[in-house]
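**Q** how would this look folded up:
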Amino acid sequence: MKIKKAVFAPGNSSFFFDDQRAIKRGLSHDGFIYDGKPETEGFRTIREPGQSISVLLILETGEIAVGDCAAVQYSGAGGRDPLFLCDTYSPFLEKYIRPLLEGAEIETFRKMTANFEELVFDGKRLHTAIRYGISQALLDARAKALKKMPCEIICEEYGLPVIADRIPIFGQSGDNRYENVDKMILKRVDVLPHGLINNIDEKLGRDGGKLKEYLAWLVERINRLRNNESYFPELHIDVYGTIGTIFGSDPGKVADYLASLEKYAGGYALYIEGPVDMEEKQRQIECLGKITAKLRSKGSKVKTVADEWCNTLEDIRDFTDAKACDMVQIKTPDLGGIQNIVESVIYCNRRGMEAYQGGTCNETDISARHCVHVAAASRPKRMLAKPGMGFDEGYTIVNNEMERIIAVWRNI
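**A** Residues are numbered from 1 along each chain as shown. Okay, the predicted model is just below:
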């Protein structure tokens, strides 16, 4: 079977592009926007509406395979590709990518995606968002050609077992870190709440006191609302390097502070994502590795999660090999083709590194559903409920797609 025609449709993503570097300065909100000037190249304002482009492959049978090109909320930060804007990339897709897709034979998923992963135009690889969307569409095309689910294609091509069990889902609260926690508890989310601790004065505290207060509140709220002693979620807080900022990125001081959070966690497992941001990959590996080692030497059960500067399959391998953390976030749009997500999870699982298949609030329903199929096949420790910052919508999309997969697998 061949791809008869390739069509590209501009669209919205489920959140916004935010200038992380500017926000870390401690800018105040003006309603939903931020006061101040952007600092990252490509941003006209600190917060800009997120955009996406759908890749639609019309097959010879008349069926349509779909994937969505999307990029992370904090584009242009932490070594990531620049803003993904429709006006910039739609003409590029029409001129350079459409001829490569139309008339192409639908071969194995791995072979088709490999053809696009290393493509270079004007000395640059394809934007990660483009590789992300094309690979989703190609997986969908292969699945439709063989009349199988995308997760089955992945299992077959990577030699992975079919396991009809849930992957724990991680809910993200956005800035509504109190009300959304109640929603997560009522829906018995496996991991919560993310917290979006990206501002020192408003959310962390200059001495870290505000985060301790929030953790204490979080535990009290879980214990009060859970109504079932068997519900025991894990806690996962993303701090965007702000802890390193208040402690001068000193590994010992950061580790001491992280260890002090354990008593506020009330016996729940606690993960802290991005405690430092060293502005460069190797420095990030070294500093985060020292923090993680110091936590273990202190006997602390608090676990570290790598995010910034851990963007690609190669990065994930480097952080894993260095034992720089307890868990790595596989930030799905940053890896380009979704085959790299599969390979990242496999690499982590085989080397004892906990894999968190994350992503961004700034994705789409299409990309989120494809990621569920990737997770169902490759088996990360947890996966993100996405897209959006409202929690309910993203959780519904991810949870329900997972339940559909499980239901089919248990009945065939």
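**Q** quick check: domain ranges of this protein?
**A** Domain ranges of the chain: 3-158, 169-409, per automatic domain parsing.
**Q** which strand is the longest one in the chain?
**A** The longest strand of the chain (DSSP state E) is strand 3-18.
**Q** name the helices or strands packed onto that one?
**A** strand 47-59, helix 86-92, helix 98-101 (3 or more C-beta pairs under 8 Å, 6 or more residues apart in numbering; DSSP states H and E). Any C-beta I mention is one placed from the backbone N, CA and C, and that applies to glycine too.
**Q** tabulate the ones you listed (TSV), appending mean pLDDT, distance to Ser135 and mean neighbour count.
**A** Output for the helices and strands packed on strand 3-18, formatted as TSV (pLDDT from 0 to 100; distance: least, C-beta to C-beta, whole Å; neighbours: other C-beta atoms under 10 Å):
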stretch	mean pLDDT	distance to Ser135	mean neighbour count
strand 47-59	97	9	21
helix 86-92	96	16	15
helix 98-101	98	12	15
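**Q** so which of the ones you listed comes closest to Asp19?
**A** strand 47-59 (7.5 Å; C-beta to C-beta).
**Q** by contact count, what packs against that closest one?
**A** Looks like strand 47-59 contacts strand 3-18, strand 64-69, helix 86-92, helix 128-146 (3+ C-beta pairs under 8 Å, 6+ apart).
**Q** for Gly123, find the nearest of the helices and strands packed on strand 3-18.
**A** The nearest among the helices and strands packed on strand 3-18, by C-beta to C-beta, is helix 86-92 at 14.4 Å.
**Q** one step back: tell me which of the helices and strands packed on strand 47-59 sits nearest to Ser344.
**A** helix 128-146 (13.5 Å).
**Q** that older thread, would you mind finding the most buried of the domains of the chain?
**A** Burial of the domains of the chain is given as mean neighbour count (mean count of other C-beta atoms under 10 Å); domain 169-409 ranks first at a mean of 21.
**Q** just the terminal-to-terminal distance for that one.
**A** 19 Å (C-alpha to C-alpha, to the nearest Å).
**Q** circling back to that earlier point, between the domains of the chain, which gets the lowest average pLDDT?
**A** Within the domains of the chain, confidence is poorest for domain 3-158, with a mean of 94 (mean pLDDT).
**Q** list the contacts of Glu234.
**A** The contact partners of Glu234, by C-beta atoms under 8 Å, 6 or more residues apart in numbering, come to Pro168, Asp190, Val191, Leu192, Tyr268, Ala269, Leu270, Tyr271, Arg382.
**Q** from Asn340, how far off is the residue nearest to the second one when sequence neighbours are not counted?
**A** This means Asp190. The shortest distance from Asp190 to any non-neighbouring residue, by C-beta to C-beta, 6 or more residues apart in numbering, is to Pro168 (3.6 Å). Look at Pro168 and Asn340: by C-beta to C-beta, to the nearest Å, they are 22 Å apart.
**Q** thinking again about what came up before, what's the closest of the helices and strands packed on strand 3-18 to Ala255?
**A** Using C-beta to C-beta, the nearest of these to Ala255 is strand 47-59, at 33.3 Å.
**Q** strand partners of the closest one, parallel vs antiparallel please.
**A** strand 3-18 (antiparallel), strand 64-69 (antiparallel) (DSSP bridges).
**Q** what does the last one contact?
**A** The set of residues that contact strand 64-69 without belonging to it, under C-beta under 8 Å, 6+ apart, is 11, 52-59, 84, 89, 127, 129-130, 132-141, 143-144, 363-364, 366-367, 370.
**Q** what about stretch 24-41, start to end distance?
**A** 16 Å.
**Q** and the contacts of that stretch?
**A** So stretch 24-41 is contacted by 18-23, 44-47, 76-77, 82, 198-202, 240-242, 245 (C-beta under 8 Å, 6+ apart).
**Q** return the subset of those residues lying in helices.
**A** Secondary structure defined by DSSP state H assigns Gln20, Arg21, Ala22, Ile23, Thr242, Thr245 of the contacts of stretch 24-41 to helices.
**Q** any chance of these in TSV, plus distance to Gly208?
**A** Listed next are the ones in helices among the contacts of stretch 24-41 as TSV, based on distance: C-beta to C-beta, whole Å:
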residue	distance to Gly208
Gln20	20
Arg21	22
Ala22	23
Ile23	19
Thr242	9
Thr245	11
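**Q** among those residues, which one lies nearest to Glu94?
**A** Gln20 (30.8 Å).
**Q** for the closest one, list the residues it contacts.
**A** Applying C-beta under 8 Å, 6+ apart, the residues contacting Gln20 are Thr40, Tyr74, Ala77, Gly78, Asn198, Tyr240.
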